[in-house]
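> Quick one, structure for this:
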Amino acid sequence: MRQQTLHLQRTYLDSLIIAVLICISIIFFFLQSSEQFLHWFLIPVTLSGIFIGIDAVDWFRGRLNIFDPVGIIGLLGFHFFFLAPLLHVYWNLWMGEDIIPPPDWRPWLGGMAILNFLGLWVYRFFRNLRCQPPQKDSKKTVWIINRQHFFPIICVALIIAAILQVMVYQKFGGIANYIEAATRAAMREGENEFQGMGILFLLSESFPIVSMMGFAVYAQNQKRLQSKTVLIVVLIIFLGLQLFFGGLRGSRSNTIWALFWAVGIIHFLIRKISKKEIAIGLVFFMFFMYIYGFLKTGGLEAINTALEGQEGISSLEEQSGRTWQVLILQDLGRSDIQAFLLYRLMRHDSDYQYAWGRTYLSALTMLIPSAIMPEKLPEKTKEGTEAQYGMGTYHPQLWSSSKVYGLAGETMLNFGPSVIPLAFIVLGLIVGRVRYWFFTLLPEDQRLLLLPMLVNFCFVILVGDTDNYIFFLFKNSGVATLIVFLSSDKKTIKNLP
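Numbering: from 1, shown residues only. Here you go, the predicted model:
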């Protein structure tokens with residue numbers, strides 16, 4: 001036991017040293033590029049990068065499974081907490097022009113880095129509370145798929161989803177009109193034509209992931225379906241289904257998260273995914289996010305323009321403001337909006353009134369139909385708008401901010417900056433619990449079908465707000481979770497030594 005502990009300590013020290021060297025090398029590059037980096041904000045940003053970078057290094061060294069939530073948070077967190085603040089300064093790229101920015105962004109990036117660094121300590125402590133396997137000889141419950149129930153349930157779910165999706169397209173008069181309505185909704189032009197269709201989308205847009213679950217369970221006993229070529233074709237078909245069943249509304253995150261889930265299902269149930277394949281997938285991920293962003297703001301016409309070549313893409317970037325830099329910093333990070341909130345709330349003349357948990361309660365009312373609760377609490381857009389522009393600037397029909405603030409940002413809107421480190425308790429507990437399942441689920445336990453979604457949820461907690469969490473859990477996974485629950489036999493077995 002002592003030798004194992006010493007080995008873990010040496011391994012941790014090795015990863016720490018590697019993380020320090022990587023961060024110092026990156027900092028050296030930025031220091032050579034501009035005098036803007038001769039500022040104290042580099043210290044907390046670098047410390048945050050080193051601290052979260054240890055997990056990223058462990059992932060690359062093979063000490064963590066490809067889909068271990070600690071490794072995923074480490075990889076994405078290295079960008080979120082370290083690279084993104086630096087790139088904001090390097091590119092001088094910040095929020096929209098409609099705000100009054102701070103005279104200097106760097107102190108507020110540094111302030112957020114201090115709070116995030118403290119939060120990462122809290123996160124690491126609480127994630128370790130329950131992420132180890134249970135003691136030997138303990139009993140555990142295993143969910144075994146009952147195939148006699150599973151495939152009939154799958155078929156019924158797919159038929160219902162397909163019929164409902166066709167009905168959705170008929171309601172809008174065809175796919176083209178559907179995409180135009182989604183573009184208008186994204187640009188906030190007129191009334192949202194998708195209002196009140198949440199339950200319908202919950203059912204209809206479950207088709208792709210339910211199909212993937214059915215394929216995975218069937219392919220477990222079919223060697224010919226487990227080859228790399230077959231699985232690539234399956235993922236391409238899955239992407240096509242994901243676009244047809246809801247993806248054409250322009251929601252990139254829904255499509256990307258679904259792909260992550262599908263790849264995770266393949267990894268856990270059919271064939272292990274390698275780091276090389278993950279790297280290739282990330283290249284596709286970035287390209288897809290970039291091109292698909294034009295669909296959200298310009299519809300099919302924008303996609304056609306993008307396919308014309310570099311000249312068409314440059315024109316779209318100028319019109320929509322969606323560039324590679326915007327994708328990297330604002331779609332995959334929250335550095336500028338969180339720094340700006342910190343600046344606004346810490347001003348001596350700030351008139352903002354904290355929400356004291358109201359944004360969380362408002363998000364929970366998403367699940368209550370308007371017929372039951374016609375008058376709901378204002379959404380987080382109220383607090384977000386008034387924090388950025390001043391009290392009284394929010395008007396639900398005329399003017400509101402649609403920003404996503406992330407775990408730290410929403411905490412500030414509710415309780416102020418000082419509570420940010422405590423908010424990481426939530427992230428730590430959920431990552432720890434998901435990792436516990438990661439360690440303990442047996443290969444035959446069909447809850448593995450849901451595990452990639454839960455790993456994905458851990459990152460959503462970091463970058464999203466409470467309404468995003470609820471949407472993700474209930475809309476994206478509600479039907480799939482119900483199918484696994486209804487079609488599994490729960491058996492209690494004794495854990496072998």
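> What's the local residue count around Gly478?
14 (other Cβ atoms under 10 Å). Glycine gets a C-beta too; all of them are placed from N, C-alpha and C.
> contacting residues around it?
For Gly478, the contacting residues are 202, 206, by Cβ atoms under 8 Å, 6 or more residues apart in numbering.
> same for whatever helix or strand Ile50 lives in, what does it pack against?
Ile50 belongs to helix 42-60 when assigned by DSSP states H and E. For helix 42-60, the helices and strands in contact under the criterion 3 or more Cβ pairs under 8 Å, 6 or more residues apart in numbering; DSSP states H and E are helix 2-33, helix 69-77, helix 106-127.
> And that helix, what's buried?
42, 44-59 (16 or more other Cβ atoms under 10 Å).
> Can you read off the pLDDT for Pro417?
Listed pLDDT for Pro417 reads 94.
> if I look at it, how far off is Pro85?
According to Cβ to Cβ, to the nearest Å, Pro417 stands 16 Å off from Pro85.
> ok, the two, which is more surrounded?
Neighbour count, other Cβ under 10 Å: between Pro417 and Pro85, Pro85 has more, with 29 against 18.
> about what we covered before: go through the helices and strands packed on helix 42-60 and pick out the most buried.
Mean neighbours per residue, mean count of other Cβ atoms under 10 Å, is largest over the helices and strands packed on helix 42-60 for helix 69-77, with a mean of 24.
> Quick one: mean pLDDT over that one.
The model assigns helix 69-77 a mean pLDDT of 93.
> What is the subsequent helix or strand relative to that helix?
With elements assigned by DSSP H and E, the helix or strand that comes after helix 69-77 is helix 84-91.
> what sits up against that next one?
Contact with helix 84-91 is made by 26-27, 30, 33-34, 36-37, 41, 45, 93-94, 105-106, 109, 112-113, 325, 328-329, 332-336, 339, as judged by Cβ under 8 Å, 6+ apart.
> relative orientation of that helix and helix 42-60 in degrees?
Inter-element angle recorded for helix 84-91 and helix 42-60: 120 degrees (by axes from the mean of the first three to the mean of the last three Cα atoms, to 10 degrees).
> Pull out the CA atoms of helix 84-91 and give them to me as CSV.
Presented in CSV, the C-alpha positions along helix 84-91 are these (Å, rounded to 0.1, in the frame of the first residue of the first chain):
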residue,chain,number,x,y,z
ALA,A,84,-8.7,31.7,-23.5
PRO,A,85,-7.7,34.7,-21.2
LEU,A,86,-4.3,34.9,-22.9
LEU,A,87,-5.8,34.7,-26.4
HIS,A,88,-8.3,37.5,-25.6
VAL,A,89,-5.3,39.8,-24.9
TYR,A,90,-3.3,38.5,-27.8
TRP,A,91,-6.0,39.0,-30.3
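> For it, which residues meet the burial criterion?
Applying a neighbour-count criterion of 16+ other Cβ under 10 Å, one finds 84-90 buried in helix 84-91.
> What is the nearest of those to Phe150?
Ala84 (42.4 Å; Cβ to Cβ).
> Name the nearest residue to that closest one, sequence neighbours excluded.
With Cβ to Cβ, 6 or more residues apart in numbering as the criterion, Ala84 has its nearest non-adjacent residue at 3.6 Å, and that residue is Gly333.
> Test my guess that the one you found contacts Phe82.
No. Using Cβ atoms under 8 Å, Gly333 is not in contact with Phe82; the gap is 10.3 Å.
> and the two? which has more neighbours close in?
Phe82 (28 against 22).
> In TSV: the helices and strands packed on helix 42-60, plus distance to Gly478.
Formatted as TSV, the helices and strands packed on helix 42-60 follow (distance: least, Cβ to Cβ, whole Å):
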stretch	distance to Gly478
helix 2-33	38
helix 69-77	21
helix 106-127	26
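> which one of those helices lies closest to Leu243?
Closest of the helices and strands packed on helix 42-60 to Leu243 is helix 69-77, at 24.0 Å (criterion: Cβ to Cβ).
> Check which helices and strands the closest one is in contact with.
For helix 69-77, the packing partners by 3+ Cβ pairs under 8 Å, 6+ apart are helix 42-60, helix 420-440, helix 451-463.
> What mean pLDDT does stretch 224-237 get?
pLDDT averaged over stretch 224-237 gives 91.
> How about that stretch, which residues are buried there?
Using 16+ other Cβ under 10 Å as the test for burial, stretch 224-237 gives 225, 230-231, 234-235.
> Would you check that Leu345 makes contact with Tyr352?
Yes. At 5.9 Å, Leu345 counts as touching Tyr352 under the criterion of Cβ under 8 Å.
> The two: who's more crowded?
Under the criterion of other Cβ under 10 Å, the comparison of Leu345 against Tyr352 puts Tyr352 first, with 19 against 15.
> how many other residues sit next to the residue lying closest to Ser401 once chain neighbours are set aside?
With sequence-adjacent residues excluded and distances taken as Cβ to Cβ, 6+ apart, Ser401 is closest to Thr385, at 4.4 Å. Neighbourhood size, Thr385 [other Cβ under 10 Å]: 22.
> For Thr385, pull up the helix or strand it's in.
Counting by DSSP H and E, Thr385 is part of helix 380-389.
> That helix packs against which elements?
On a contact count with 3+ Cβ pairs under 8 Å, 6+ apart, helix 380-389 meets helix 335-346, helix 358-364, helix 406-415.
> If we use 10 Å, what do you get?
Judged by 3 or more Cβ pairs under 10 Å, 6 or more residues apart in numbering; DSSP states H and E, the packing partners of helix 380-389 are helix 335-346, helix 358-364, helix 406-415, helix 466-470.
> Output the ones you listed in a markdown table, with distance to Leu259 appended to each entry.
As requested, those are exported to a markdown table (distance: least, Cβ to Cβ, whole Å):
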| stretch | distance to Leu259 |
| --- | --- |
| helix 335-346 | 25 |
| helix 358-364 | 25 |
| helix 406-415 | 22 |
| helix 466-470 | 18 |
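> For Ser211, find the nearest of those.
helix 466-470 (24.5 Å).
> in the following helix or strand past the closest one, what's buried?
With elements assigned by DSSP H and E, the helix or strand that comes after helix 466-470 is helix 477-486. Buried residues in helix 477-486, counted by 16+ other Cβ under 10 Å: 477, 479-481, 483-484.
> Endpoints of stretch 457-472, how far apart?
End-to-end distance for stretch 457-472, by Cα to Cα, to the nearest Å: 8 Å.
> right, and Phe117 touches Gly77 too?
No. Using Cβ atoms under 10 Å, Phe117 is not in contact with Gly77, being 11.7 Å away.
> Overlap of the contact sets of these two?
Counting by Cβ atoms under 10 Å, 6 or more residues apart in numbering, the common neighbours of Phe117 and Gly77 are 48-49, 51-52.
> and the gap between Leu361 and Ile337?
On the measure of Cβ to Cβ, Leu361 and Ile337 end up 22 Å apart.
> For the protein, which element, helix or strand, carries the lowest mean pLDDT?
Every helix and strand of the chain was ranked by mean pLDDT, DSSP states H and E. The lowest is helix 310-320, at a mean of 64.
> Looking at Leu361 and Ile337, which one has more neighbours?
Neighbours were counted for Leu361 and for Ile337 using other Cβ under 10 Å; Ile337 has more, 22 against 13.
> Quick check, pLDDT for that one.
Note on Ile337: pLDDT of 93.
> In this structure it contacts Met95, no?
Yes. Counting by Cβ under 10 Å, Ile337 does reach Met95; the two are 6.2 Å apart.
> Need the overlap of contacts for those two.
Common neighbours of Ile337 and Met95, using Cβ under 10 Å, 6+ apart, are 330, 388, 401, 403.
> contacting residues for the residue lying closest to the first one once chain neighbours are set aside?
Nearest in space to Gln330, with sequence neighbours left out and distances taken as Cβ to Cβ, 6+ apart, is Asp336 at 7.2 Å. Asp336 makes contact with 84-85, 88, 93-96, 99, 101, 105, 108-109, 112, 329-330, 403, according to Cβ under 10 Å, 6+ apart.
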